[in-house]
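Colleague: got a predicted structure plus its sequence, pasted below:
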Amino acid sequence: MTCLSSYRMKLPLFNVVKATNCTCLPKYNINPYLGRCAHSCIYCYATKFPSFNGPTVPRLSLTEDIVKMAGNTKTKLPVMLSDCTDPYQPMEENCKITRRCVEVLAEYDFPLLIVTKSDLVTRDIEIFRRVPTVVSITVTTLRKDVANLIEPNASPPSLRLSALERVANEGIPTTVRIDPIIPTLTSEKENYEEIVSNAAEIGVRQITASTLKPIRGFFSSLKKANSEVYEEICKAYDDGEWISGYKYLKREKRFTMLKEVKAIAIEYGLKFAACREGFPELNTTICDGTAYCRGLLSEYLS
């Protein structure tokens with residue numbers, strides 16, 4: 001029974017939910033940690049799922065299971081780390097579960113897609129150089145006061161930019177996710193311009209943008225945290241709509257914001273894509289950044 005179980009253990013495919021306008025191409029996804037991310041971002045959507053509620057839990061079994069999963073998976077699609085709980089949690093510095101995963105995946109020649117808000121990602125640059133890798137770091141604002149409000153325990157934006165620069169200097173493709181754009185809080189043109197100009201200067205290749213899509217309970221939590229900000233954001237969503245458990249801004253509002261970000265990205269010579277928005281016409285590349293690590297991309301786009 002144990003042998004059969006090990007044989008069947010494979011890398012899990014990323015769950016594409018078409019109802020939420022997801023346009024991701026096939027890829028695998030690994031979450032080295034479960035529970036609520038220690039970064040404590042007020043806009044976290046992962047708490048919508050039972051496995052990502054409660055305290056952060058390290059998946060210690062992955063340090064052994066990842067060998068079986070990689071060995072039993074034959075198609076070399078990119079592997080994303082990760083879609084919910086940040087793979088570079090503060091506890092990753094000691095647990096090193098993410099490091100073990102990327103080491104094994106690199107040994108088996110799987111392309112890597114790293115999605116994080118932590119400058120700890122630079123620790124594993126040596127591994128990223130071994131296989132096609134894309135490092136995507138979320139930067140919603142460069143204003144420290146706003147970042148402290150919405151992403152209180154994540155690496156400061158300045159350190160995220162420094163991390164991107166270090167990775168890019170190694171020739172590893174990097175992307176910036178302006179995700180989410182929060183109406184009235186981070187939706188000013190000046191905010192986009194500041195992020196994109198800094199990204200372009202340090203060698204980032206792509207900007208991916210997405211508007212805030214609150215889950216149920218978000219507004220009540222925000223009201224407790226900051227009643228003034230709550231009033232402004234709540235008003236912006238008055239005419240929005242619920243789609244698959246997420247509150248979307250009115251379509252016209254979303255399009256206007258994203259079109260503005262795209263124009264700035266193009267001005268600075270960067271690729272652009274919107275994530276889960278329903279505007280494929282705005283995209284000049286794949287939203288998740290895997291265009292830079294997919295050897296079979298032409299087959300998907302032909």
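Modeller: Cool, got the structure. Residues are numbered from 1 along each chain as shown.

Colleague: surely S51 is within a helix?
Modeller: Yes. Secondary structure assignment places S51 in a helix (DSSP: H, G, I helix; E, B strand; the rest coil).

Colleague: got the contact list for the nearest residue to it once chain neighbours are set aside?
Modeller: Spatial nearest neighbour of S51, excluding adjacent residues (Cβ to Cβ, 6 or more residues apart in numbering): L34 at 5.2 Å. (Glycine included, C-beta is placed from N, CA and C.) Contacts for L34 (Cβ atoms under 8 Å, 6 or more residues apart in numbering) come out as S51, F52, T56, V57, R59, T85.

Colleague: for V134, see how far away the closest residue to I202 other than its chain neighbours is.
Modeller: Nearest residue to I202 in three dimensions, chain neighbours excluded: E165, at 4.0 Å (Cβ to Cβ, 6+ apart). According to Cβ to Cβ, to the nearest Å, E165 stands 15 Å off from V134.

Colleague: please apply the same query to R100.
Modeller: Taking Cβ to Cβ, one finds R100 at 20 Å from V134.

Colleague: which of the two has more neighbours?
Modeller: V134 (26 against 17; other Cβ atoms under 10 Å).

Colleague: contacts only, for the more buried one.
Modeller: 78, 111-114, 172-175, 289-290, 292-293.

Colleague: now do whichever strand or helix holds it: distance to the chain's middle.
Modeller: Per DSSP states H and E: V134 is located in strand 133-138. On the basis of Cα atoms, centre = their mean, to the nearest Å, strand 133-138 sits 8 Å off its chain's mean C-alpha point.

Colleague: that one: what's the following helix or strand?
Modeller: Following strand 133-138 toward the C-terminus (DSSP H and E): helix 144-150.

Colleague: I'd like to know which elements that next one is packed against.
Modeller: Applying 3 or more Cβ pairs under 8 Å, 6 or more residues apart in numbering; DSSP states H and E, we find helix 144-150 packed against helix 157-169.

Colleague: buried residues, the helix it packs on. List them.
Modeller: If you call a residue buried by 16 or more other Cβ atoms under 10 Å, then helix 157-169 has these buried ones: P157, L159, R160, L161, A163, L164, E165, R166, V167, A168.

Colleague: look at the nearest residue in space to R216 that is not next to it in sequence and say how many residues are nearby.
Modeller: Distance criterion Cβ to Cβ, 6+ apart; nearest residue to R216, sequence neighbours excluded, is G245 at 7.0 Å. For G245, the count of nearby residues is 15 (other Cβ under 10 Å).

Colleague: do the same with A273
Modeller: 27.

Colleague: quick one, what contacts the closest residue to it other than its chain neighbours?
Modeller: Leaving aside its sequence neighbours, A273 sits nearest to C287 (Cβ to Cβ, 6+ apart; 3.9 Å). Contact analysis of C287 by Cβ under 8 Å, 6+ apart lists T23, C24, T208, A273, A274, C275, R276.

Colleague: which parts of stretch 229-247 are buried?
Modeller: V229, Y230, I233, C234, A236, Y237, G240, Y246, K247.

Colleague: let me know the closest of those to V121.
Modeller: Y246 (27.1 Å; Cβ to Cβ).

Colleague: excluding sequence neighbours, find me the nearest residue to that closest one.
Modeller: Using Cβ to Cβ, 6+ apart, the closest residue to Y246 is K213 (3.9 Å).

Colleague: do the same with L13
Modeller: Y28 is the one closest to L13 (Cβ to Cβ, 6+ apart), at 5.9 Å.

Colleague: so which of the contacts of V134 sit within strands?
Modeller: Among these, the ones falling in strands (DSSP state E) are L112, L113, I114, T174, T175.

Colleague: quick check, the first one in contact with V104.
Modeller: No. L112 sits out of contact with V104 when judged by Cβ atoms under 8 Å, with a separation of 11.1 Å.

Colleague: compare these two (neighbour count), which wins?
Modeller: Taking neighbours as other Cβ under 10 Å, L112 and V104 compare with L112 leading, 24 against 21.

Colleague: which stretches of the chain aren't confidently modelled?
Modeller: The model of the chain has pLDDT under 70 over residues 1-7, 18-19, 50, 296-302.

Colleague: what are the boundaries of the strands in it?
Modeller: So, for the chain - with DSSP E - the strands run 28-29, 33-34, 57-58, 79-81, 112-116, 133-138, 174-181, 206-211, 241-243, 246-248, 271-274.
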